[in-house]
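Participant: Turn this into a structure:
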Amino acid sequence: MSNLEDHPTERRVCTAGPGDADLAPGTELLHPREVPLGGPRAMTVRRALPGKNRRMVGAWCFADVYGPTDVAAQGGMQVPPHPHIGLQTVSWLVHGHVRHQDGLGSDRLVRPGQLNLMTAGHGIAHSERTPGGAPSLLHGAQLWVALPEADREGAPRFEHHADLPVWRAPGARVTVIAGEAGGHRSPARVHTPLMGAEVVLSAGARFEFPLDPAFEHGVLALDAPVHVLGHRVEAGSLLYLDPGRTGIGLHTDQDAHLLVIGGEPFAEDLVMWWNLVGRDHDEIVAARTAWEADRDAPGAAPRFAPVTGDEGPPLPAPVLPNARLRARPRHRE
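Facilitator: Here you go, the predicted structure:
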């Protein structure tokens, strides 16, 4: 998914809400901000990462929740070709269909319970659209994973996983999206120690989710409030949990979908601007310049190969801010 803000700046981020000072030690509740995704019939997404103080959970550096949206009334997701560098995109659906196309020639429909994982590396362009004939309801999440220094300039890659490991407990179903959880490992290729899983809870269920104590974690509610450590996490919000925990109790009063994400704290400072993840201002400028050149008239060996099959015009890059972009750590004290 693209960040379609006209002025993508780190100053405009989600903030803490009333009563957050009472959170349990080692936790932080990130309330999302609403961002329109697209033109006059824009679909609104709720963005919990990056936050004002907490910018990452492990290598997870971006988290949007969208829907439930009536596709017939709103048009669904219509994100034209746009570029990425230095990250992996993780597409996850609760309801509906999204068609992914990219500069590698990938053309894949993602459905609920399936994973689309795109590794941008040095650079890739893709589009994401609700296809004709899709179910009437669209609801899901898009997350980004920052690539470490050793892998972020590699060749782009796309994976589709339709058969992910699933395990069950009373009142709960867990699908392992990335990494390992509960002794089950996803086939998705990752580049840092991390995990991600969808948990589906039945109304009234109480479920203990096992955690790796070396990881920091986040609980992202998708469609209904979830109670964690005595706190209520509303849909679109993310509760951060510091390392050292071996498990977390989850409870809901109604049927609920949520994501649990985690990983070893990411040691490298990042520059995140628009859809680009780098390490300094000059890298971002170079990628933006290449995108604008490839978008207008791709050459024989473009950095961002065109998304063949998508008839919409590629997105122009926003104007860079007047000040130099600065690398920032995963957390501001």
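Participant: quick one: the helices in the stretch 51-200 of the chain?
Facilitator: Applying DSSP state H, counting those that start in this stretch to the stretch 51-200 of the chain gives helices spanning 71-74.
Participant: residue ranges with poor pLDDT in it?
Facilitator: Within the stretch 51-200 of the chain, no stretch has pLDDT under 70.
Participant: quick one: the strands in it?
Facilitator: For the stretch 51-200 of the chain, the strands defined by DSSP state E, counting those that start in this stretch cover 60-70, 78-84, 87-95, 98-102, 107-110, 115-119, 124-129, 137-146, 157-161, 166-169, 172-178, 180-181, 184-185, 194-201.
Participant: Not counting the second one itself, show me its contacts.
Facilitator: Outside of strand 78-84, the residues that reach it under the criterion C-beta atoms under 8 Å, 6 or more residues apart in numbering are 1-2, 4, 37-38, 43, 101, 118, 120, 123-130, 275-277, 287, 291, 295, 304, 306-307, 310, 312-315, 317. C-beta coordinates here come from the backbone N, C-alpha and C atoms, glycine included.
Participant: try 7 Å this time
Facilitator: By C-beta atoms under 7 Å, 6 or more residues apart in numbering, the list of residues contacting strand 78-84 from outside reads 1-2, 37-38, 120, 123-130, 275, 287, 291, 304, 307, 310, 312-315.
Participant: and if you look at the first one?
Facilitator: If you take C-beta under 7 Å, 6+ apart as the criterion, strand 60-70 is touched by 1, 32, 37, 43, 45-50, 55, 76, 95, 136-146, 218, 220, 222, 235-236, 238, 261, 263, 270, 272, 277.
Participant: could you give the angle of that strand to strand 137-146?
Facilitator: 170 degrees (axes from the mean of the first three to the mean of the last three C-alpha atoms, to 10 degrees).
Participant: Use 48 as the first number for this chain going forward.
Facilitator: Let's use 48 as the start, then, which means that last one is strand 107-117.
Participant: quick one: buried residues of strand 107-117?
Facilitator: Neighbour counts over strand 107-117 (16 or more other C-beta atoms under 10 Å) mark 107-116 as buried.
Participant: angle of it against strand 134-142?
Facilitator: Note on geometry: by the same axes, to 10 degrees, strand 107-117 and strand 134-142 are set 30 degrees apart in direction.
Participant: Only the C-alpha atoms, please, for strand 107-117, written as PDB.
Facilitator: Extracted C-alpha coordinates of strand 107-117, given in PDB (Å, rounded to 0.1, in the frame of the first residue of the first chain):
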ATOM      1  CA  TRP A 107       7.800  -3.600  11.900                       C
ATOM      2  CA  CYS A 108       7.700   0.100  11.000                       C
ATOM      3  CA  PHE A 109       4.300   0.900   9.500                       C
ATOM      4  CA  ALA A 110       0.800  -0.400  10.300                       C
ATOM      5  CA  ASP A 111      -2.500   0.600   8.600                       C
ATOM      6  CA  VAL A 112      -6.000  -0.900   9.300                       C
ATOM      7  CA  TYR A 113      -8.700  -0.200   6.700                       C
ATOM      8  CA  GLY A 114     -12.400  -1.000   6.600                       C
ATOM      9  CA  PRO A 115     -14.800  -2.600   7.000                       C
ATOM     10  CA  THR A 116     -15.700  -0.700   3.800                       C
ATOM     11  CA  ASP A 117     -18.600  -1.200   1.400                       C
END
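Participant: Mind telling me which residue is nearest the centre of this protein?
Facilitator: In the chain, the centroid-proximal residue (C-alpha atoms, centre = their mean) is residue 190; its distance is 0.8 Å.
Participant: In this structure it contacts residue 135, no?
Facilitator: No. If you go by C-beta atoms under 7 Å, residue 190 and residue 135 don't touch, sitting 8.8 Å apart.
Participant: Now the residue nearest to the centre of the chain. Nearest residue, chain neighbours left out?
Facilitator: residue 137 (4.4 Å; C-beta to C-beta, 6 or more residues apart in numbering).
Participant: Can you get me a residue count around that neighbour?
Facilitator: 25 (other C-beta atoms under 10 Å).
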